[in-house]
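Visitor: The sequence and its predicted three-dimensional model are supplied below.
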Amino acid sequence: MIKKNIFSLEGKTAVVIGGAGGIGKELAMGMSESGAKLVLASRSMGALEETAEEIKAATGNPVDICPVDVVNEESMQQLVDFARKTLGKVDILVNASGLNIKRDALEFPMEDFEKIFDVNVKGTMIACKFFGRLMKEAGGGNIVNLSSVRGIRGYGGGNSAYCATKGAVELLTKALAIEFAPYQVRVNALGPSLVITPGTVHIKNNPELAEKYRSIVPLGRIGEAEDMVGAVVFLASDAASFVTGQTIFVDGGLTAA
């Protein structure tokens, strides 16, 4: 028998890292609308304060904030301690922080290459490690990492490091799903194609560039941040209680081609 409100996040608690902007902000809004009590984490307190007020005004649900440097283990431990104190337990972790620095592969500065790996891979692993411990203690939990279609498809334009990091996130997600399964901690990923955010809105505003991206998407449009919400709410909900080690590609059919 299917339980009522199987997709609801009522009564659940969630930490959204990278929740102050871009895709992470929209995911946080959608999870709050579905009933989750949130802690948002990011580097910028100003952006966190603004986003938290916006979400609380829109949904009426509690939103707390905490700064974090995802590549610093002490900072991540402070976030875990804050989340434990504020939420009591953490049912859901969403790793939505990310970095891309585009460079020609023949000239790629290794300091930039390392920065991208630090945030996208090391930062994801640190968060999974620390919150995985917390979830193990609680008897279960649910982690959603941010992957990308570029984690399974090569892409030019200076994206060699970004593609490599998202490929790493793909297999990290699968490996952790297996390792965390005995603790009833599920680990999945969201795989967007190009999504319009403040950092990519210039593409939408350039008709020629926008058509270039639209033309390769079977559904014929560029993704919006709100398109990502349904998949994350599903993965975070009881509806996905037997789903782990998977990536849901929300890409308009791009990876089907």
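Guide: On my side now, so go ahead.
Visitor: Please enumerate the strands of this structure.
Guide: With strands called from DSSP state E, the chain shows them at 13-17, 37-42, 63-67, 92-95, 141-146, 185-192, 195-196, 223-224, 247-250.
Visitor: Mind putting these into JSON lines with mean pLDDT?
Guide: Formatted as JSON lines, the strands of the chain follow (pLDDT from 0 to 100):
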{"stretch": "strand 13-17", "mean pLDDT": "98"}
{"stretch": "strand 37-42", "mean pLDDT": "98"}
{"stretch": "strand 63-67", "mean pLDDT": "98"}
{"stretch": "strand 92-95", "mean pLDDT": "98"}
{"stretch": "strand 141-146", "mean pLDDT": "98"}
{"stretch": "strand 185-192", "mean pLDDT": "98"}
{"stretch": "strand 195-196", "mean pLDDT": "94"}
{"stretch": "strand 223-224", "mean pLDDT": "95"}
{"stretch": "strand 247-250", "mean pLDDT": "98"}
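Visitor: Serialize these to a markdown table and add fields for mean neighbour count.
Guide: C-beta coordinates here come from the backbone N, C-alpha and C atoms, glycine included. Output for the strands of the chain, formatted as a markdown table (neighbours: other CB atoms under 10 Å):
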| stretch | mean neighbour count |
| --- | --- |
| strand 13-17 | 26 |
| strand 37-42 | 27 |
| strand 63-67 | 20 |
| strand 92-95 | 28 |
| strand 141-146 | 26 |
| strand 185-192 | 26 |
| strand 195-196 | 21 |
| strand 223-224 | 18 |
| strand 247-250 | 21 |
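Visitor: Quick one: those strands as CSV, columns for distance to Val80 too.
Guide: Shown next, in CSV, are those (distance: least, CB to CB, whole Å):
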stretch, distance to Val80
strand 13-17, 9
strand 37-42, 10
strand 63-67, 10
strand 92-95, 10
strand 141-146, 12
strand 185-192, 14
strand 195-196, 28
strand 223-224, 32
strand 247-250, 25
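Visitor: among these, which is nearest Ile203?
Guide: Among the strands of the chain, the nearest to Ile203 by CB to CB is strand 195-196 (7.1 Å).
Visitor: just for the protein, where's the confidence low?
Guide: Of all residues in the chain, those with pLDDT under 70 make up the ranges 1-4.
Visitor: In it, which residue is most central in space?
Guide: For the chain, Ala96 is the residue whose C-alpha lies nearest the centre (CA atoms, centre = their mean; 2.8 Å).
Visitor: and it, what does it touch?
Guide: Counting by CB atoms under 8 Å, 6 or more residues apart in numbering, Ala96 touches Val16, Ile17, Gly18, Gly19, Gly22, Ile23, Gly24, Leu27, Leu146.
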